[in-house]
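In: Predicted structure and sequence below. I'll ask about it afterward.
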Amino acid sequence: MKEFLKNNKVTYNLMSFTGFKSLLVFSLLLESPKSYLEIKDYFEKNEFIKESISIDTLRVYLTSLRMAGCEIIRAKKTEGSKYRMVSHPFELSLNADQIKSITKVYKALSKNIKLEELIMLDTFLYKLADRLHNKDFKEAIEAVSPLFGLDIALLDELLKCASAKRQITIEYNSPRSGVKPIEIIIDKLCFNNNKLYLYGTGLEYNQYTYLPVSRIKRIIEIKLKNAMIAPPENIIIGFEIKTRQSEFKLGEDEKIIEIKENSIVAELSTSNPFIAKQRILSLGCACKVLYPESFKNDIIETLKRMKEGYFLG
């Protein structure tokens with residue numbers, strides 16, 4: 001210690017070199033299988049050692065590691081005669097109960113954090129699963145992850161475009177018309193019923209719309225400047241729903257107009273009648289459209305067609 005305090009240098013006399021070299025061998029084998037020549041070359045270039053190591057000395061360090069609980073094997077000559085770390089007592093492992101607890105916490109977090117944070121969480125957990133070589137853990141995360149099956153690199157690009165409200169052209173796999181280009185000014189990416197959607201103003205019909213991200217194949221083009229378009233014309237839809245205020249969750253473009261004893265009157269503002277129709281139908285028989293008359297009639301006709309489908313079936 002006196003020598004270190006005087007010179008501020010680590011020297012041969014200041015450490016247990018047997019222990020130090022054993023730890024170096026341990027770290028090298030953790031990275032990947034290594035041959036004797038690769039380990040010897042590393043020791044010669046190490047700033048603290050700078051000396052060669054014999055095969056007999058290497059065996060001493062390997063014996064020390066095995067006595068500490070490491071399982072190390074040596075491959076055949078035909079496979080390069082490399083030493084490989086099979087297992088060691090310092091490995092992190094997860095049992096079934098621990099995996100269940102982590103996935104439970106993950107599900108709770110995924111509903112309350114930003115998409116950017118969810119991507120980072122997913123990336124971390126998959127890296128952890130790979131490091132643990134735990135197939136069960138990886139499959140458990142895949143089973144609950146709302147991002148499973150999505151292209152993370154594409155998500156990152158879409159998030160950047162959404163942040164800047166950019167106009168882009170995407171290649172979209174439509175369930176009706178197949179793969180086609182769609183031009184849209186992105187507003188946001190968010191989840192609906194545990195599925196990720198891209199929201200924005202579609203330029204073909206100048207309507208606010210949403211598209212499932214799972215059907216977006218790639219970004220074809222990112223415009224340097226957004227097109228000058230007139231704001232989409234909104235429609236205001238009034239509806240009454242039989243529920244208590246505490247039990248009703250307002251949508252982003254909705255507001256409460258009146259609170260009655262057993263119901264709530266609310267308004268929905270949107271430029272896309274299809275989105276409005278999906279919202280009204282999702283509220284079920286407890287919901288009644290009040291205005292405008294044209295939209296009310298459209299809902300009635302939709303319900304009639306649904307009813308006829310059941311009778312015809």
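Out: Ah, there it is.
In: residues of stretch 205-219 that come out buried?
Out: Using 16 or more other Cβ atoms under 10 Å as the test for burial, stretch 205-219 gives 207-211, 213, 216. Bear in mind the C-beta positions are built from the backbone N, C-alpha and C, glycine included.
In: try stretch 105-123
Out: In stretch 105-123, counting by 16+ other Cβ under 10 Å, buried: 106, 110, 115, 118-119, 121-122.
In: Reformat those into a markdown table and put distance to E79, pLDDT and secondary structure next to each item.
Out: Output for the buried residues of stretch 105-123, formatted as a markdown table (distance: Cβ to Cβ, whole Å; pLDDT from 0 to 100; DSSP: H, G, I helix; E, B strand; the rest coil):
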| residue | distance to E79 | pLDDT | secondary structure |
| --- | --- | --- | --- |
| Y106 | 39 | 93 | helix |
| S110 | 43 | 89 | helix |
| L115 | 45 | 93 | helix |
| L118 | 42 | 94 | helix |
| I119 | 39 | 94 | helix |
| L121 | 38 | 93 | helix |
| D122 | 36 | 93 | helix |
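In: Mind telling me the two of the buried residues of stretch 205-219 farthest from one another?
Out: Spatial extent of those (Cβ to Cβ) is set by the pair Q207 and V213 at 18.7 Å.
In: neighbours around I259, how many?
Out: 12 (other Cβ atoms under 10 Å).
In: Surely it is in contact with T243?
Out: No. Contact criterion Cβ atoms under 8 Å: I259 and T243 do not qualify, at 10.6 Å.
In: Please name the nearest non-neighbouring residue to L128.
Out: F137 (7.5 Å; Cβ to Cβ, 6 or more residues apart in numbering).
In: Next, count neighbours for that neighbour.
Out: 22.
In: Quick one: distance of the host helix or strand of it to the chain centre.
Out: Assignment of secondary structure by DSSP states H and E places F137 within helix 135-144. The chain centroid and the centroid of helix 135-144 are separated by 13 Å under Cα atoms, centre = their mean, to the nearest Å.
In: repeat for stretch 300-313
Out: Here the centre of stretch 300-313 is set off from its chain's centre by 39 Å, with Cα atoms, centre = their mean.
In: Ok, stretch 104-116 next?
Out: That offset, for stretch 104-116, works out to 10 Å (Cα atoms, centre = their mean).
In: End to end on it, go ahead and measure it.
Out: This stretch, stretch 104-116, spans 20 Å end to end (Cα to Cα, to the nearest Å).
In: helices or strands up against the next helix or strand after the helix holding F137?
Out: Next helix or strand after helix 135-144 toward the C-terminus (DSSP H and E): helix 152-163. Counting contacts by 3 or more Cβ pairs under 8 Å, 6 or more residues apart in numbering; DSSP states H and E, helix 152-163 packs against helix 115-132, strand 178-192, strand 195-202, strand 216-222.
In: ok, residues contacting the helix or strand just after the third one?
Out: Right, strand 195-202. Toward the C-terminus, strand 195-202 is succeeded by strand 207-212 as the next helix or strand (DSSP H and E). With Cβ atoms under 8 Å, 6 or more residues apart in numbering as the test, strand 207-212 has contacts from 170, 172, 182, 184, 187, 192, 195-202, 232, 270-272, 274-275.
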